[in-house]
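Q: need a structure here:
(chains A and B)
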Amino acid sequence: MRSFGRPVRAARGAEAPDADAPAVQLQGLTKRFGPVLACADVSMTVLRGRIHGLLGQNGAGKTTLMRMLAGLVRPDAGRILVAGRPVTVTDPATATALGIAMVHQHFSLVGRLRVWENVALGGRGRLDSRWTRREIGRVADGYGLLVDPDRRVDELTTSERQRVELVKCLIRAPQVLILDEPTSTLTPPEARHLLSVLRRVVSDESRAVVLISHDLDELAHAADEVTVMRDGAVLARRSAAEVDVGELGRLMVGDQLPAAVAAPAGEPREQVRLRIRDAWATQARRPVLRGLDLRVRAGEIVGVAGVEGSGQGALADLLSSLLPLDRGNVEVDGNPVPPGRPGAMQRAGVGVVPEDRHVSGCVLDMSVAENLAMTDLGPVSRWGFVSRGRLRQRAEATIREFAIGGASPDTPLRLLSGGNQQRVVLARELGAAASVLVVAQPTRGLDAAAVEHVFARIGGLAAQGVAVLLISSDLADIRRLAHRIVVLHRGAVVGELTQATADPQRLGLLLGGRPE
Amino acid sequence: MTGLELVLASALRLSVPLLFAALGEWIAERAGALNVSLEGMMLAAAFGGYVGAVATGSSALGLLCAAATGLSVALAQSGMSYRLTVDANVVGLTLNVLVLGLTSYLPAPTEPVDVPHLTVPGLSALPVVGGALFDQPWPAYLLLGLAPALWWVGYRTRWGLELRACGDGPRAADASGVDVPRRRRQAVLVCGAFAGLGGGYLAVAEVGLFNPNMTAGRGYLVLAAVIFGGWTLRGTLAGCLLFGAADAMRLALPALGYQFNPQLLLATPYLLALLTMTVLARRGHGPAALGVPFRRGLT
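A: Now for the predicted structure:
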């Protein structure tokens, strides 16, 4: 027996599947990862013959919710009904057997294997390459998805890979097909084609499709129903008829944007410190920047907003010399800097506070003083040797200034709380920026007092003429601090707002890729 | 016997234990499991195989005991590293030292065992290659069946496909419904059985006795052979033959009247292994997730 999955085995005592029941009902699903509540009591109904859009910002819990349905994450509480029957989805094989298939955003194909091998992976019975190839051909032709079963996945482009993933799911004839951000790496024609395939899947074959996205237009056009999630909870459900793009944007972002507390520090000067022109780049074969243009003047704080995959991360990588460009250039203080050459940006005067500073920014078993001096030993050295006295002196001053609680210069960093470890890295990096400072996720992991202090420091640096780029997924941070907010979408700038014009609806629309 | 014949014959003879073990290590590494304990598996199996052969008086049963002993070391390795997720390299090194100590301590019999040679009539009389290819202890010919069989399992069966997926993309394999730790455990067990055959062959068929630490790093040589072969089965086996030949030179050169420092000669196969790894390291053909622990739910 050859097949692409384990056959559905009827649970003993359970009633037969109900043809009229919704394809999937999620009831009160809750999932906690450590201190983070990813999904809080989420309920949702997915009907046959419909494309169900799932909208939300990063960290809203969309992907976690769907991964519970696909058997990749076990829920802490709540239940899942498939075709009216309560089920326990223990693993992906069970999900396949229940008729649930998911096209993941990352990592669902093995690059070294051929296309047909990838499609066969997860199936049952004898491995029959000829039969698998024939089945791939049948499904691919049926949906107009062009794939070559004998190519290695490594050699495929992003959109080819996605077609393979789609064929891999469709060949299993799922009752529920989940797609996680399927169009984020496609060109507009490719995306339109994908959506037309999905439309056929629901209308001709009356299956159910769940489309995870943060592209407002896409959902407004393609989805029959939209569920909006924020902070792990469902906020609203709208049918296609009542979908209002502006309202969706507002719901996604939230009404809770704080008023700009203080005017940003100082006035920007004329001199342009950082200039990025027409930057195009790819990372792991995915296009991450597509014609990004950006200018930051001396004394100016520019907030960079965007959803995941919009290019925020790539921009930080570019300015950390981690990302070479395919096209375009970067200038710091008017001098071109070769992108991707190790240390080039740093030498040109760009300081970066990385997003994962806790991991990549410090050595936990070294002392606070050593961690503070790590990147530049000049000021604490004498005749080429590190002077313990100067090391301690400088560390004591910084500990006082940044109010790093419970620390002496000799305390191993490991003994500090997470927030205080962050302060150590921030203190070091904020001190190092000469012309351009890039801060990624500045408030992540900090308490309110620390946030105030960090903001004051950033403002102070800007007042001294440093150009600041504030990359954050927390819109409140950006709104409070930035003179100007640029919104990224698909690797380019879609729009620009000032502190005064940034309201939830406008921001939401731009984040969802709708320029005004 | 001419000098060339002598070298060829002993090259092949010395390669056979490596070839058995390499089959196992190849399949384990394709699944993403790096087995440093290969050395321990081989040494334990040499002991177990020899004791079994003496006790039963049968070389076939002796080899079976060897495979079982290799399997038991593999059970410890796979359980520790793919059930309890202890670092596989640390487990492997610990097992190697443990096996070395145990096999040196446990009393082994001292009567030599003998395995009949399988001599192909006619062909064994061929000049130069005849003795090397067609006059070997009979278990050596098992390789002729086992190697193609293992290739077929690795590339033509669902189990093999799932193994390779676990080595190259464990997250993708998991998302597709493959039980990654389980496949890796299975691969390590298969490796244990093959390494056991290799160790058993060394003691029972090649030497006929057990000496403490008689594998003398052959397990590590096999690890190098897999790298040399760029993780292909053909290349891995070729690597074993090359290292076997280097070992043969060590024995043959003095016999042929060349004078070399014996300690230096002892190091040649390892030196060669190091050199080839240096040259080939850049090719980077290894399974993407080789030696990387896998845990569900971490992305």
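
Q: Quick check: residues of the stretch 151-299 of chain B near chain A?
A: B:156-158, B:160-162, B:164-165, B:168-169, B:171-179, B:287-288, B:296-297, B:299 (CB under 8 Å from any CB of the partner chain). All C-beta spots, glycine's among them, are computed from the backbone N, C-alpha and C.

Q: and the stretch 101-250 of chain A, which residues reach chain B?
A: So the stretch 101-250 of chain A meets chain B at A:102, A:104, A:106-113, A:117-118, A:120-127 (CB under 8 Å from any CB).

Q: ok, for A:Asn335, nearest residue in space, not its chain neighbours?
A: Leaving aside its sequence neighbours, A:Asn335 sits nearest to A:Ala348 (CB to CB, 6 or more residues apart in numbering or on different chains; 6.7 Å).

Q: so what's that neighbour up against?
A: The contact partners of A:Ala348, by CB atoms under 8 Å, 6 or more residues apart in numbering or on different chains, come to A:332-333, A:335, A:337, A:435.

Q: and what of A:Gly343?
A: For A:Gly343, the contacting residues are A:Ser321, by CB under 8 Å, 6+ apart.

Q: Got the phi and psi for it?
A: phi 80, psi -10 (degrees, to the nearest 10).

Q: Ok, A:Ile276 next?
A: According to degrees, to the nearest 10, A:Ile276 has phi -120, psi 130.

Q: ok, it to A:Asn329 distance?
A: Distance from A:Ile276 to A:Asn329, counting by CB to CB, to the nearest Å: 8 Å.

Q: Of these two, which one has the most company?
A: More crowded of A:Ile276 and A:Asn329, by other CB atoms under 10 Å in any protein chain shown: A:Ile276, with 23 against 14.

Q: what kind of secondary structure is the nearest residue to that one once chain neighbours are set aside in?
A: Spatially, and ignoring its direct neighbours in sequence, A:Ile276 is nearest to A:Leu294 (4.4 Å; CB to CB, 6+ apart). With DSSP: H, G, I helix; E, B strand; the rest coil as the basis, the three-state label of A:Leu294 is strand.

Q: Give the burial count for A:Leu294, as a bare number.
A: 19.

Q: picking up where we left off before, in strands only, show me the residues of the stretch 101-250 of chain A next to chain B.
A: Among those, the ones falling in strands (DSSP state E) are A:102, A:124-125.

Q: May I have the residues that are in contact with the residue in the stretch 151-300 of chain A that chain B sits nearest to?
A: Closest to chain B within the stretch 151-300 of chain A is A:Lys168: 8.0 Å, counting by CB to the nearest CB. The neighbours of A:Lys168, taking CB under 8 Å, 6+ apart as the test, are A:101, A:108-109, A:118-119.

Q: That one sits in which helix or strand?
A: helix A:158-170 (DSSP states H and E).

Q: The residue lying closest to A:Glu308 once chain neighbours are set aside - how many residues pack around it?
A: In this structure, A:Glu308 finds its nearest non-sequential neighbour in A:Asn58, 4.5 Å apart by CB to CB, 6+ apart. For A:Asn58, the neighbour count with other CB under 10 Å is 14.

Q: Right, I'll call it a day here.
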